[in-house]
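Enquirer: pasted the sequence and its predicted model underneath.
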Amino acid sequence: MRAFMQRRMAQWIRRRQGDDVLPVSLHRRRLYILPTRTGLAFGVLLLMMLIAGLNYANSLALLTTFLLGALALVSMHACHRNLLGLEISELAAQDGFAGGEAEIRLRLSNPGRPLRVGIELQGMPGRTVSCSVPVGGSIAARVAIATPVRGVMPVGRLRIRTTWPFGLFRGWTWLHLTEEVIVYPKPRGARPLPVAAGVRGATAAQACGEPDEWTQLRSFREGDSPRQVAWKAYARGSPLLVKEYAASGGSERLFDFAALPGLDTEQRLSQLAQWILSAAAEGERFGLRLPRQLIGLDQGPGHRQRCLRALARFGLEEPGDA
């Protein structure tokens, strides 16, 4: 029954608020507040004190009851005000693997005068991040969300809540975000890496003691190592270029979707993801061939991400030329 009521409440809130487009400011109509279990117990205690004070005509007991009741009302107002006017201005989502989780980075801004204390953000049940936002400032908070299946997944619903200052009331709101997270296939599979082609094996190269060979210059890509940048050319006014090397003792591999007979689509994608991670960890040059898509030989974090993103989107949209 509780789960059913929570689903119905979530559906009603989604219809009432609609999708959120950043930046979002938390105004009164989207804030909700209810007593916590501690607050309910505190209310029962105040009721018992009131009955006892009236029964025995004890002025001191009545005064204490009214003071504590006023304190509860003030705490309710402070709890609500702790969220009122808070702004969520930026969002950045990291890629994740199926069956795991992805990290969401949010920027919280406080344009008002009061210090925002004990702000809690929750993306997954049981995973809460607490932070405080300074007066007139902003902070970056990180929230984890579940990534159950491969593909392109909307960030969905995040909860922002607070029980400050005394834990008697809980104020909260929901963010319904349309930003997307790329979810890679879960890396698994027991098949060995394809045979390296195009260069000599590592054993022969090591025996010769030959160094890495410079091959070409290419444009800088996000994720490239600064050690490979052609800084001398850049100092002479050239654009930011990266040196590419062919390791004489390394290997080049092409991971082919069609070269995995006996596996279904998702198993093939998981095996390809496992190969990509293994080759990237060894610093090898590798490429990826999918039906109607080819990603050429390359290496580095940027190339690893491009290949994994191609696996994540496989079958979901028409691939472009790589």
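Expert: Yep, that arrived. Predicted, not measured: the structure shown is a model, and the values here were computed from it.
Enquirer: remind me, longest helix of the protein?
Expert: Assignment by DSSP state H gives helix 59-83 as the longest helix of the chain.
Enquirer: buried set for it?
Expert: Neighbour-count burial for helix 59-83, counted by 16 or more other Cβ atoms under 10 Å, picks out 61-62, 65, 69, 72, 75-76, 78-83. (Each C-beta comes from the backbone N, C-alpha and C, glycine too.)
Enquirer: equivalent analysis for stretch 8-27, please.
Expert: 20, 24, 26.
Enquirer: for the residue nearest to the second one when sequence neighbours are not counted, phi and psi?
Expert: The spatially closest residue to Val24, leaving aside those adjacent along the chain, is Ile88, at 4.7 Å (Cβ to Cβ, 6 or more residues apart in numbering). Backbone torsions of Ile88, given as degrees, to the nearest 10, read phi -110, psi 110.
Enquirer: going forward can the numbers begin at 171, since that is how I track them
Expert: Yes, from this point I'll number from 171; that puts the last item at Ile258.
Enquirer: all strands for the stretch 171-320 of the chain, in order.
Expert: 194-195, 202-205, 257-263, 266-267, 270-279, 286-294, 297-303, 308-317 (DSSP state E, counting those that start in this stretch).
Enquirer: for the last one, packing partners?
Expert: Looking back up the chat, that one is strand 308-317. strand 270-279, strand 286-294, strand 297-303, strand 321-332, strand 339-354 (3 or more Cβ pairs under 8 Å, 6 or more residues apart in numbering; DSSP states H and E).
Enquirer: ok, now with 6 Å
Expert: strand 270-279, strand 286-294, strand 297-303 (3 or more Cβ pairs under 6 Å, 6 or more residues apart in numbering; DSSP states H and E).
Enquirer: any idea which residue is closest to the centre of the protein?
Expert: Glu273 (2.1 Å; Cα atoms, centre = their mean).
Enquirer: relative to Tyr202, how far out is that one?
Expert: Using Cβ to Cβ, to the nearest Å, Glu273 is found at 27 Å from Tyr202.
Enquirer: in the stretch 171-320 of the chain, where is pLDDT below threshold?
Expert: For the stretch 171-320 of the chain, no stretch is flagged by pLDDT under 70.
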